[in-house]
Structure formats: C-alpha cells, structure tokens
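> Quick check, what structure comes out for this input:
(chains A and B)
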Amino acid sequence: DAGITQSPRHKVTETGTPVTLRCHQTENHRYMYWYRQDPGHGLRLIHYSYGVKDTDKGEVSDGYSVSRSKTEDFLLTLESATSSQTSVYFCAIRAPRESDEQYFGPGTRLTVT
Amino acid sequence: AQSVTQLDSHVSVSEGTPVLLRCNYSSSYSPSLFWYVQHPNKGLQLLLKYTSAATLVKGINGFEAEFKKSETSFHLTKPSAHMSDAAEYFCVVSDLRAGTASKLTFGTGTRLQVTL
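Alright, predicted model coming up:
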C-alpha cells in the first residue's frame, strides 16, 4: 500500500463547471503525477510535480492545471470541464531512492455531461 | 522519445494453459520496463520491472518477462493461467535519467480473458 488516496472517487459535473480532484499521499514522496485513462489509449500523463510548487506539463495538459502547496497534496483542476475530459483519473507517486517505479492511487471516475 | 506497442488488444486462453502477452518498445536510452495489471474497476498494480540487472524478470503471481534487446521486446508470460488472472495488462517504458522526473509511457493495454 503506497498510502495514496484520491477524492472524490466518483463525480458527475456539467460542461463548463470547474472541477478539482485531490491526491493525498502519506509517505512524503517528492514526485507525484496525474494521468488519465481512456479506452484504447492506456494511461497518459497530464501533469507532474517534482516538489512543492514545482510542476510541469505532460503529454495531455491542455485544459488542466495543477497545484502543489504542500508535499502531501497534489491537486488537478479542470477550469471549465468539457465532455472530452470524461475519463478515469489516476494519481501516482514515484518510489524513492532513484527508482522509477510508480505506485497508483485508486482512481477518480469523472463524468462531464 | 520512447514508445510502447502492445501487439494484441485482447487475448483469450483456457484456464491451465500458458499466457503470452506481447510488447515491443522503443527508447533512446537504456530503458526501464514494467508490466502493470489492472483488475476490473481497480487501480494499477506493479507486476514486475526490468532495470538491466537480469534479462529474465520474475514478478508476482507466477508471471515472468524476458527483455530481448535485439528484438526490442519485453513479452509477459505465465506457464498456467488462472481465472483470477483475467484483467488488463499494460506494458510501460520509463525514461529515467539522473535528475529527471521519470515519465512513464504506457502501451494501450491487453485484455486477458481466461475461460474454463
């Protein structure tokens, strides 16, 4: 158990509304990641963080922003949700000591109507 | 740049028969390679990992994968399938270099069906 929780676990929202997803870790890992999972695409990286207030874009960052004000929390925000952002969102942390293994949270299923 | 190709989107086997899930990769660096498993409506679990220490890697639940540099392949095998192996499997490559963030690139997944 990598000590990662995500909230909410399920959310339905309307097009145009802002949405924030939260990832919380209990083990003080430096690197955190947000992915989305869609059929036929596997998981794709949205944004990642390499420390408090240090973030960078991934492969599919358009329409998303992130923030990390403390080590344990990494927030993903959809400023104005669109139907194309209906997906399952996974947070991950990277194992320490220069390993590149990542451990994933349970996921958040987001539906934008 | 790095990429992963999972050659089969769906594989069906009978319980007790061997499993072979195929993966080819492309990487500009000496890669780390992983297989992750995702059971229905669950998160992802690390099955095994290759990091150049040994070309044959043993993972959890009886799975193995062999790294073949000449073929740029990292196929996942299991001698005897069990009903509980039914899940989606992802082949993943990492671009880890010193001081970098280790971004993973996922294949599109192979759904393994196990029948009686």
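
> Tell me which other helices or strands the lengthiest strand in chain A touches.
Scanning chain A for the longest strand, with DSSP state E as the assignment, gives strand A:42-51. For strand A:42-51, the packing partners by 3 or more CB pairs under 8 Å, 6 or more residues apart in numbering or on different chains; DSSP states H and E come out as strand A:32-38, strand A:54-57, strand A:64-70, strand A:73-78, strand B:104-106. Backbone N, C-alpha and C define where each C-beta goes, glycine included.

> Adjacent strands (with direction) for it?
Strand A:42-51 has the following strand partners under DSSP bridges: strand A:32-38 (antiparallel), strand A:54-57 (antiparallel).

> Enumerate the positions of the longest one that are buried.
When burial is assessed from 16 or more other CB atoms under 10 Å in any protein chain shown, strand A:32-38 yields the following buried residues: A:Met32, A:Tyr33, A:Trp34, A:Tyr35, A:Arg36, A:Gln37.

> Kindly present the strands paired with strand A:42-51 as TSV, with separate columns for distance to A:Gln102 and mean pLDDT.
Below are the strands paired with strand A:42-51 laid out as TSV (distance: least, CB to CB, whole Å; pLDDT from 0 to 100):
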stretch	distance to A:Gln102	mean pLDDT
strand A:32-38	7	96
strand A:54-57	16	94
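
> wait, which of those strands is closest to B:Ser94?
strand A:32-38 (11.8 Å; CB to CB).

> Check which residues of the helix or strand bottoming out on mean pLDDT in chain B are buried.
Every helix and strand in chain B was compared by mean pLDDT, DSSP states H and E; the lowest is strand B:104-106, with a mean of 91. For strand B:104-106, the neighbour count (16+ other CB under 10 Å) marks B:Leu104, B:Thr105, B:Phe106 as buried.

> Farthest pair within the buried residues of strand A:32-38?
It's A:Met32 and A:Gln37 that sit farthest apart of these, by CB to CB, at 16.8 Å.

> Pretty sure B:Tyr50 sits against B:Lys69.
No - using CB atoms under 8 Å, B:Tyr50 is not in contact with B:Lys69; the gap is 10.6 Å.

> Between the two, point out the one with more neighbours.
The neighbour comparison of B:Tyr50 against B:Lys69 (other CB atoms under 10 Å in any protein chain shown) goes to B:Tyr50, with 20 against 11.

> Chain B contacts on chain A?
A:31, A:33, A:40-45, A:48, A:50, A:56, A:58, A:90, A:94, A:98, A:100-107 (CB under 8 Å from any CB of the partner chain).
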